[in-house]
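Peer 1: Below is the structure, and that's it, no one-letter string:
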Ligand SMILES: NC(=O)c1ccc[n+]([C@@H]2O[C@H](COP(=O)([O-])OP(=O)(O)OC[C@H]3O[C@@H](n4cnc5c(N)ncnc54)[C@H](O)[C@@H]3O)[C@@H](O)[C@H]2O)c1
């Protein structure tokens, strides 16, 4: 039920690979709420994915950018401001990748070259994305920048590997840059810590189906879907959330405050009786 809460706003959305991507839903919903958007992804993802279909649906243009490359990012912001004829109101950073996770490495056997690559893509790219906007003064006053995180930044999930460290850094960057950008231009920066969600990146984590089911059974409201996440991001881009900044915001159906639920306990007891 769109209400036009982003009418007149302009934004950049990173990370829509295919229709399962969280960023895909955010782009669709932002468009429905009246925003004008530019879509971006790494050049290789543009070749593999279906982003042009999303561009058609949302009446937007696609500008390639590897988010680890500051020249690409500068070009992205410059072209976006040319396209809109003005500065930008919101940015979604929806990017994550770990080579160690992809290759099935455990935390104690990680390959450090892959760790560095994953940290650059999943966390430092958030800093670079914000700094490129800062250097070009590309954000409007009271703009909003959102990154997507996961609770493995605070708690151990056995196979999440270096992505846990990457998410911890991502959340820290939101706090640190949130301070500076808040002072300079009232720009707010937050991370949304989202439930397990069935997407290309999500499903790449070993044992993902188990994480998904466990979180769903533990959370009183059940897992938040990518559509739920998109709605939350829209609210964070809107003027209704102007004073929220430097936060890691749990969007997880209550998971983060749970210890045990009757549903998980029943499943656990049933399994232990069977064994
Ligand atoms: N799916 C989940 O369970 C879940 C849960 C919590 C948080 N998240 C986070 O949500 C975000 C989006 O992931 P998703 O689940 O929609 O999966 P996804 O695979 O659809 O999106 C990840 C995106 O990152 C992009 N990307 C990778 N390297 C890049 C680079 N160098 N430059 C620019 N873009 C690059 C990919 O092309 C892809 O579009 C990620 O930060 C992820 O960690 C996902």
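Peer 2: Looks like it arrived, so ask away. Only a predicted model underlies this, so the values are computations on that prediction, with no experimental measurement involved.

Peer 1: Report pLDDT for residue 75.
Peer 2: As predicted, residue 75 sits at a pLDDT of 98.

Peer 1: Would you confirm that it contacts residue 65?
Peer 2: Yes: assessed by C-beta atoms under 8 Å, residue 75 is found in contact with residue 65 at 6.9 Å. (C-beta placed from N, C-alpha, C; glycine too.)

Peer 1: between the two, who's got more neighbours?
Peer 2: residue 65 (28 against 15; other C-beta atoms under 10 Å).

Peer 1: Give me the phi and psi angles of the more buried one.
Peer 2: The phi/psi pair for residue 65 (degrees, to the nearest 10) reads phi -160, psi 130.

Peer 1: Return the distance of it relative to the ligand.
Peer 2: Here the criterion is C-beta to the nearest ligand atom, to the nearest Å. By it, residue 65 lies 6 Å from the ligand.

Peer 1: again with residue 9
Peer 2: With the distance defined as C-beta to the nearest ligand atom, residue 9 ends up 21 Å from the ligand.

Peer 1: What's the local residue count around that residue?
Peer 2: Counted by other C-beta under 10 Å, the residues lying close to residue 9 total 21.

Peer 1: dump the residue contacts of it.
Peer 2: Residue 9 makes contact with 34, 35, 36, 89, 90, 237, 238, according to C-beta atoms under 8 Å, 6 or more residues apart in numbering.

Peer 1: can we see that at 6 Å?
Peer 2: With contact set as C-beta atoms under 6 Å, 6 or more residues apart in numbering, residue 9 has these partners: 35, 89.

Peer 1: what pLDDT does it get?
Peer 2: According to the prediction, residue 9 has pLDDT 98.

Peer 1: And for residue 218?
Peer 2: On the pLDDT scale, residue 218 gets 98.

Peer 1: Kindly report the same for residue 5.
Peer 2: For residue 5, the model assigns a pLDDT of 97.

Peer 1: Return the nearest residue of the stretch 101-250 of the chain with respect to the ligand.
Peer 2: At 2.5 Å from the ligand, residue 202 is the closest residue in the stretch 101-250 of the chain, using C-beta to the nearest ligand atom.
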